[in-house]
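1. fold the following and give me the result.
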Amino acid sequence: MKQLLACIVLLVAQCAGAVMLDDMKDETRWKASASDQVKASLRRDARDDSLCLDYDFAGVSGYAVMRRELPLDWPADFALTIQLKGKGGRNDVQIKFVDASGDNVWWINRPALDLPDTVTEMRFKRRHVTFAWGPTEDRVLKKSRFVEFVVVAGQRDGGGPGTLCVASLRLDARAPAPKTWPEPRRKQGAGEVTLDYGSLREFNGLWFSSGAALRVEASEDNRRWKPLSTQPGRALFLGEQEWRWIRLRYEGKKPPEVELRDAAQWPDRNAAVAEWAKALPRGDLPRAFVGEQNYWTVVGVDGGAERSGLVSEDGAIELTRGGPSIEPVVRLADGRLVTWAQVRAEHSLIENALPVVQWRHADVELRVEAAADGPAKDPKLLARYTLRNPTAKPQQLSLLLALRPWQVNPPQQFLSTQGGISPLPSVHWADGALTAPGLRVTPRETPTEVRAATFGAGPSLATLLQAPPLTHLVDTESSLPSALMRFDVELAAGESRSFGWVTGSDAATLDTRMAVAAAQWRDRLGVLELNLPPQAQPVADTMRSALAQMLMSRDGPALRPGTRSYARSWVRDGAMMVAGLVRMGETQAAREFVDWYAGHVFDSGKVPCCVDQRGADPVVENDSQGQYLFAVAELWRHTQDRALLQRHWPQVQRVVAWMEALRLSERKPGADPRFKGLMPPSISHEGYSDKPAYAYWDDFWALRGYKDAVQMAQALGQTADAVRWAVSRDEFEADLSASISATAQHYQLKHIAGAADRGDFDATSTTMALNPAQAEDKLPPGLLRATFDRYVTEALARIDGSKPWLDYTPYEWRNVSALVRLGRVDDAHRLLAWFMGHQAPMGWNQWAEVVLPDARKVQFRGDMPHAWISSDFLRSALDLLAYERETTGSLVLAAGIPQAWRAAGDIGVTGLSTAWGRLDYRLLRRADGGWTLHIDRRPERLPGELRLAWPGTAQLPRANVETQALEWQGRELPLPANATTIQLEPTP
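-> Residues are numbered from 1 along each chain as shown. Predicted structure coming up:
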């Protein structure tokens, strides 16, 4: 066996040509395995002798694997030929190559692969093998030790039982392509030109730098020709091709000039569209195709994320997830086109929820408003366009609404939903509606005309305006047609006129439907009433918007961080959203989430890191258990719903048992004190996706989980469990504290590390120790102080420009909460002001997941809005007003209200939910320079004190209740239990 493997290594390294790596005749070399609750086994197929992996996902997400040891030294270039077949759902098929350490993985990943019924040869090139994950810095595949065939439950129409069969695995060493290819030889004929590239050339498409072709054909032998296109246009994307000869047929005297575009230049059709866009007038295509970052927001109904729309900063509206968009353009009387590129755009929200884009131009103004209504499973989009003539004379204007075959979600977005192109096989105009497969847009006003063009005719607005009238158009070649509805109107000076459409029907009631949608959001977002000074109003507005963003981003009961890239439900995101939701009085969405997620806990008690339409994900992330326990307990604390605890009690018991097993697996005699008793390594912390780490993120969540398990057991009268789990809680807390000190000593750190085995710095992760873990009293005080000293120093260096920065994620909002809890309010507000300045675009009260100094630099930005970030902001903003101090059972008021806010006006909070009941209070500024604090409602279950914080450095006011003087403790004032009105007199 070893000799055979050595021969394979030698052959691959030294021989050109084909090498049979495995003929699959010896099944003993292969082993089957699977993730939690997935079944997997190997068998020999009697018909073709292939080796088959039988699997059954049994209602969960996950994977099934067949694996063998196969050491390989990979040649500089190669083709890997695999004979495959299979049956089952549209699952992902991955071919993985793992190095000797097991940490570094390369793969060929084919999502939703339709496997053939019979053994079929599939050929993969070196460029198809990409680095998947691992800590190595050299990401070129040179050596591997193991090969795996993996079936992963597909996101759509996947899962269930199935089979993957492999008949052979062969490697062909190839000569690397030259850095520069020679120019092709040209042979001219009547109305045609043939290009000979001298040898087989790999390419993905053709770019016609001049002229046009009527037909494109290709050949391997200059005898048999395959037609590639009869409507090539300027940018012809073909996907992977390999030919030697290309023949172009054309009209006219001069043949077209054509250039090949390879996989690096045109990896997909988005790249082809982008090259065409650069040759068109700016504004004809979205800014995403001309090398500029665009921003967008979501429009939808509560729980309708899967069918939500997007609105771009430029006024385009994406009609459904991954679907086409409608883009506005205005044509002036002289024929000039006003697009996003010629206007100044402003952005706002109706009722802090519904997006508005306002175009400003010397000759015309356009207001775009979007909303949605209907049930979460079948919502309808609503759009209204208001044209205004800002000039002093009448104008003849045309509103052009173009249905375009691309998303608002731009091409650089790739997770879950690939952005950019959105194929449309056909478009139709009939019975007053513009339709495409699965889509109906009904304009309220009858268009003056409707036209449409294929992509091959060109994507310019000029082409679309001159296209034939539309009744029925099928774009058989590219599936990228565009359609245009034109609305002509004459406006007097200063006059406005509105137009609109809906998806579905009933466009006549558009105005009423939009007004109702706005009113519903106003009522839904107004449970917590806030009265803040003018400079704090953006914070209050963004709090309501954050709540709307979380509700629009959820799919039914599933809280999700986004609607496109992150269209999955993570328990960590959901738990932190639950914490924000319940404090805002939104308990129904929180209850639906925890009840739904509990149904996906594995039989073992392992909590899946995330759940999507495929089911529960088995990836090991050891924060998940604590997050589930926290979500249930936090909802119970705010609702006192005993039935909730009873429903979840069976899962709670299993989850605690699983967490205990994890803890004890690391609590062995002689264990390194850095790791003793911690949660085992995992990749839950996104910064450690290269290799599992002993992340304190996991441990702070585990500690929270232990605390909450004890509380829930006590609430249900499960005394034995409460006592037993309290012992585990205390033991874990002590081990965690000892580990933090040991890690700091090991790495000679002055701060708390992000991970015990890395000795790194990650203050945003460390914030979990303060909230929700509430463990600051168990952390070494010097290390805790130094952690946030360093964070503030580095953050302020970014803010004042003394330290260049590449990017940051607004998860850093968590540090605002941490600094408030540590009494560092001035630092918290410096950060708050900087973060607020990075809302994108300003006026929509949201953040991208990634913020860059250059706002127009094209880069993956995550979802916009990103609902997990919305929850981070919301929880931090709420902490400014009041937060719970678990160790003393106290509620601290106004700890994040700076001196400037107190001086500027009144502070009022009505309907704030806390773990101990509802809180209402007002801090009113008096004419004499003093304040009056009214406690209008004290939380009914408060076990400790209400405490008023007075942050800043100003002299403390004298406090009294009636004639009784009150004493400050530091910068906090304990309030008597029966006090409802406290006078705060200015100190001379």
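2. ok so Val150 is a helix residue?
-> No - judged by DSSP: H, G, I helix; E, B strand; the rest coil, Val150 forms no part of a helix; its state is strand.
3. now it: how far from Ser41?
-> 15 Å (CB to CB, to the nearest Å). The way it works is simple: take the backbone N, C-alpha and C, and place the C-beta from them, glycine included.
4. same question, Pro375
-> According to CB to CB, Pro375 stands 43 Å off from Ser41.
5. compare Val150 and Ser41 (neighbour count), which wins?
-> Val150 (22 against 13; other CB atoms under 10 Å).
6. pairing partners for that one in the sheet, please.
-> Val65, Gln94 (DSSP bridges).
7. let me see the contact set for it.
-> Contacts for Val150 were tallied using CB atoms under 8 Å, 6 or more residues apart in numbering; they are Tyr63, Ala64, Val65, Val93, Gln94, Ile95, Lys96.
8. what's the burial count for the closest residue to the fourth one other than its chain neighbours?
-> Distances taken as CB to CB, 6 or more residues apart in numbering place Leu113 nearest to Val93, at 4.4 Å, with adjacent residues excluded. Leu113 has 18 neighbouring residues, counting by other CB under 10 Å.
9. tell me the pLDDT of Leu113.
-> Predicted confidence (pLDDT) for Leu113: 93.
10. of the contacts of Val150 - the most surrounded one?
-> Ala64 (26 neighbours).
11. for Val152, see how far away that residue is.
-> On the measure of CB to CB, Ala64 and Val152 end up 8 Å apart.
12. one more: Glu121?
-> With CB to CB as the criterion, Glu121 and Val152 are 23 Å apart.
13. check Leu439 too.
-> To Val152, Leu439 is 30 Å away according to CB to CB.
14. circling back to that earlier point, so the residue nearest to Val93, which state does it fall into?
-> Per three-state DSSP, Leu113 ends up coil.
15. right, and it touches Asn91 too?
-> Yes - counting by CB atoms under 8 Å, Asn91 is a contact partner of Leu113 at 7.2 Å.
16. helices along the stretch 551-700 of the chain, start to end?
-> Using DSSP state H, counting those that start in this stretch, the helices found in the stretch 551-700 of the chain span residues 571-583, 587-598, 624-639, 642-665, 696-715.
17. ok, back up a step: how about the contacts of Val150 in TSV, adding pLDDT and distance to Ile82?
-> Formatted as TSV, the contacts of Val150 follow (pLDDT from 0 to 100; distance: CB to CB, whole Å):
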residue	pLDDT	distance to Ile82
Tyr63	95	18
Ala64	97	17
Val65	97	16
Val93	97	10
Gln94	97	12
Ile95	98	7
Lys96	97	13
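18. tell me which two of those sit farthest apart.
-> Pairwise distances across those peak at 13.7 Å for Ala64 and Ile95 (criterion: CB to CB).
19. beta partners of the residue lying closest to Asp511 once chain neighbours are set aside?
-> The shortest distance from Asp511 to any residue other than its chain neighbours is 7.4 Å, reached at Arg384 (CB to CB, 6+ apart). Beta-bridge partners for Arg384, by DSSP bridges, are Glu369, Gly500.
20. what does Val105 give?
-> With DSSP bridges as the rule, Val105 is bridged to Val98, Trp133.
21. centroid residue for this structure?
-> Tyr566 (3.4 Å; CA atoms, centre = their mean).
22. that residue contacts Leu415, doesn't it?
-> Yes - the criterion here is CB under 8 Å, and Tyr566 meets it with Leu415 at 6.8 Å.
23. hey, where'd the helices end up in the stretch 251-400 of the chain?
-> Taking DSSP H, counting those that start in this stretch, the helices of the stretch 251-400 of the chain run over residues 269-278.
24. just checking, what packs against the lengthiest strand in the chain?
-> Taking DSSP state E as the criterion, the chain has its longest strand at strand 192-210. Counting contacts by 3 or more CB pairs under 8 Å, 6 or more residues apart in numbering; DSSP states H and E, strand 192-210 packs against strand 185-189, strand 235-249, strand 257-261, helix 269-278.
25. chain center to the first one, what's the gap?
-> So the one you mean is strand 185-189. From the chain centre to the centre of strand 185-189 is a distance of 51 Å (CA atoms, centre = their mean, to the nearest Å).
26. partners of it, with directions?
-> When DSSP bridges is applied, strand 185-189 pairs with strand 192-210 (antiparallel).
27. list the buried residues of the strand it pairs with.
-> Across strand 192-210, burial judged by 16 or more other CB atoms under 10 Å covers Glu192, Val193, Thr194, Leu195, Tyr197, Arg201, Phe203, Asn204, Gly205, Leu206, Trp207, Phe208.
28. returning to that earlier point: looking at Leu439 and Val152, which is more packed in?
-> Using other CB under 10 Å, the more surrounded residue of Leu439 and Val152 is Val152, with 22 against 17.
29. burial count for the closest residue to the more buried one other than its chain neighbours?
-> Nearest in space to Val152, with sequence neighbours left out and distances taken as CB to CB, 6+ apart, is Asp92 at 4.1 Å. By the criterion of other CB under 10 Å, Asp92 has 18 neighbours.
30. cool, and Trp658?
-> Counted by other CB under 10 Å, the residues lying close to Trp658 total 19.
31. just the one 3 residues further on next, same as before
-> By the measure other CB under 10 Å, the count of residues near Ala661 is 13.
32. what stretches of the stretch 101-250 of the chain score poorly on pLDDT?
-> In the prediction, the stretch 101-250 of the chain carries no residues with pLDDT under 70.
33. so who does Gly929 touch?
-> By CB under 8 Å, 6+ apart, the neighbours of Gly929 are Pro986.
34. on that earlier part again, sec struct for the closest residue in space to the residue nearest to the centre of the chain that isn't next to it in sequence, please.
-> Of all residues not flanking Tyr566 in the chain, Asp863 sits nearest, at 5.3 Å (CB to CB, 6+ apart). State at Asp863, reduced to three classes by three-state DSSP: coil.
35. about what we covered before: make CSV out of the helices and strands packed on strand 192-210 and add distance to Gln466 and mean neighbour count.
-> Converted to CSV, those look like this (distance: least, CB to CB, whole Å; neighbours: other CB atoms under 10 Å):
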stretch, distance to Gln466, mean neighbour count
strand 185-189, 32, 11
strand 235-249, 19, 19
strand 257-261, 25, 17
helix 269-278, 17, 20
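36. same list, those, but as JSON lines with distance to Ala722 please.
-> Shown next, in JSON lines, are the helices and strands packed on strand 192-210 (distance: least, CB to CB, whole Å):
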{"stretch": "strand 185-189", "distance to Ala722": "84"}
{"stretch": "strand 235-249", "distance to Ala722": "62"}
{"stretch": "strand 257-261", "distance to Ala722": "67"}
{"stretch": "helix 269-278", "distance to Ala722": "57"}
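37. out of those, which gets nearest to Asp49?
-> Closest to Asp49 of those is strand 235-249 (CB to CB; 29.9 Å).
38. other SSEs contacting that closest one?
-> On a contact count with 3+ CB pairs under 8 Å, 6+ apart, strand 235-249 meets strand 192-210, strand 215-219, strand 226-229, helix 269-278.
39. closest one to Ser876 among those?
-> Comparing the helices and strands packed on strand 235-249 by CB to CB, helix 269-278 comes nearest, at 36.6 Å.
40. and the contacts of that closest one?
-> Helix 269-278 is contacted by residues 205, 207, 233-237, 261, 265-266, 284-285, 289-291, 406, 411, 419-421, 458-459, 480 when judged by CB under 8 Å, 6+ apart.
41. and stretch 821-828, by the same measure?
-> So stretch 821-828 is contacted by 770-771, 776, 784-785, 788, 792, 796, 815-816, 819-820, 879-880, 883, 895-898, 951-952, 971 (CB under 8 Å, 6+ apart).
42. and what of stretch 22-34?
-> For stretch 22-34, contacts defined as CB under 8 Å, 6+ apart pick out 40-42, 44, 49-51, 53, 55, 62-70, 166-169.
43. let's see that with 6 Å instead.
-> For stretch 22-34, contacts defined as CB atoms under 6 Å, 6 or more residues apart in numbering pick out 40-42, 51, 64-68, 166-169.
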